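Undergrad: this is the structure alone, sequence omitted:
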């Protein structure tokens, strides 16, 4: 398992296929935040054939609802939320070219199959390490759905955002292989 | 009757929610540091260290340790000789929550109608208040901002009396196993046994607030806590669910008399950001 691979967003297919479950990465560039309510709206737009507030092609979505930024901070505490709640919406975004997701926790089989088909990767950030993660967020700007408050879509600029490849584009899953080694 | 003013209640509860969100208890910190030593997985050690560092940043900079600053839950013991003056008791608590969450840069995570509207109340109210009347003239507050990554992984089961001790053990371990990486392990497992559906749930929630390292006073339940903790830590889930020995920091069990026909069990899971604070006025 490779350590501290530097990744720059947007991601290409070549970037993605090199990543293997268990690799640790440092992500730099723009990423987009979205969680339950924002995903519902994105999918409603797709169903109506309308344009999304950002083009998912090559992009990374971070499942997060940050705390408000205190004065002098680009972002408040911002750890990952549990990803399975976004599963019903994810394959449609992957079909639109989304290349990466950052979250925590299990994904459905449908999501894993869609990741393999579309060549995408699922990164895990450490749940609860929210104040630490916020240090890697240099800028955060609401680009859609301001009325959703913490659930609004934000464009974030991150520098060396620490994450681990949980599910790679071949469907290898660290949540299965990792615990297996320590099960007694 | 001793008079206790609305403003004292408001100020006390506000400070408790700020403190709970910024400062993770020393019992958790000590246990996390111990776990770094005992954890066999390399990635597990790294993650535990990240969590410890995170908690130091949050405390030193007075920012939220976790972005999910939770639903505001309070256990209040109201002395029967205490008289609240200067306003509505419940409003004093809700006003405290409003001020803490707005002024303290804490996330507002409450939606008004849970099913149809799901519109954010924008001030993290209403609080969930559990009130108990006790002798004396003081008011004791135990508050917890409860995050939902772990709350969502909790479970209730109405076991048969015949399911017995083995049934209880199995249900707790299965609940943690099914949750896997979702509730941000290492977790604190609160278990309520007995009573009715809602009594067991309240006991389980209270159990998550017990200091890590303290056991039930009944030695049989204390042994059960230790045994179930060992079983859970053999599941291999580990820190952040990436594999390892440290899946739970504690299993805390509370019990209450129940019906001859029943054995209710609630498992309430709390993440490693097991936040709570208390004060008496």
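TA: Now that the structure is in, tell me what you want to look at. Quick caveat: nothing in here was measured; it's all calculated off a predicted structure. Numbering: from 1, shown residues only, chains lettered A, B, ... in the order given.
Undergrad: return the per-residue confidence for the spatially closest residue to residue A:60 that is not a sequence neighbour.
TA: Closest residue in space to residue A:60, ignoring its immediate chain neighbours: residue A:100 at 3.7 Å, by CB to CB, 6 or more residues apart in numbering or on different chains. Bear in mind the C-beta positions are built from the backbone N, C-alpha and C, glycine included. With respect to pLDDT, residue A:100 scores 98.
Undergrad: can you report phi and psi for residue B:85?
TA: With angles defined as degrees, to the nearest 10, residue B:85 sits at phi -120, psi 160.
Undergrad: what's the burial count for it?
TA: By the criterion of other CB atoms under 10 Å in any protein chain shown, residue B:85 has 13 neighbours.
Undergrad: please apply the same query to the one 5 residues further on.
TA: Other residues near residue B:90 come to 13 when the count uses other CB under 10 Å.
Undergrad: mind listing what it touches?
TA: Shown in contact with residue B:90 (CB atoms under 8 Å, 6 or more residues apart in numbering or on different chains): residue B:129.
Undergrad: likewise residue B:81?
TA: Residue B:81 makes contact with B:1, B:2, B:135, B:136, B:137, according to CB under 8 Å, 6+ apart.
Undergrad: give me the neighbour count for the residue in the stretch 101-250 of chain B that chain A sits nearest to.
TA: Nearest residue of the stretch 101-250 of chain B to chain A, counting by CB to the nearest CB: residue B:243, 2.9 Å away. Residues lying near residue B:243 (other CB under 10 Å) number 27.
Undergrad: beta partners of the residue nearest to residue A:60?
TA: For residue A:100, the beta-bridge partners are residue A:60, residue A:121 (DSSP bridges).
Undergrad: surely it and residue A:119 touch.
TA: No. Contact between residue A:100 and residue A:119 fails when scored by CB atoms under 8 Å: they sit 10.5 Å apart.
Undergrad: select the longest helix from chain B.
TA: helix B:42-61 (DSSP state H).
Undergrad: kindly report the same for chain A.
TA: helix A:36-47.
Undergrad: in the stretch 151-281 of chain B, which spans are strands?
TA: B:155-159, B:187-195, B:248-258, B:263-270, B:277-280 (DSSP state E, counting those that start in this stretch).
Undergrad: would you list those in CSV and tack on mean pLDDT?
TA: Output for these, formatted as CSV (pLDDT from 0 to 100):
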stretch, mean pLDDT
strand B:155-159, 98
strand B:187-195, 98
strand B:248-258, 98
strand B:263-270, 98
strand B:277-280, 98
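Undergrad: who wins for proximity to residue B:77 among those strands?
TA: Across the strands of the stretch 151-281 of chain B, residue B:77 has its closest neighbour in strand B:277-280 (8.4 Å, CB to CB).
Undergrad: buried stuff in that closest one?
TA: B:277, B:278 (16 or more other CB atoms under 10 Å in any protein chain shown).
Undergrad: which strand or helix spans residue B:84?
TA: strand B:82-85 (DSSP states H and E).
Undergrad: what is that strand packed up against?
TA: Counting contacts by 3 or more CB pairs under 8 Å, 6 or more residues apart in numbering or on different chains; DSSP states H and E, strand B:82-85 packs against strand B:2-5, helix B:6-22.
Undergrad: stretch A:66-81 near chain B at all?
TA: Yes. Against chain B, stretch A:66-81 shows contacts by CB under 8 Å from any CB of the partner chain at A:66, A:67, A:68, A:69, A:70, A:73, A:76, A:77, A:78, A:79, A:81.
Undergrad: who's in contact with that stretch?
TA: With CB under 8 Å, 6+ apart as the criterion, stretch A:66-81 contacts A:33, A:35, A:62-65, A:102-104, A:124-131, A:133-134, A:137-140, A:150, A:154, A:156, B:58, B:63-69, B:105-107, B:149.
Undergrad: so where do the helices sit in chain A?
TA: A:13-18, A:36-47, A:90-95, A:109-118, A:130-134, A:174-182.
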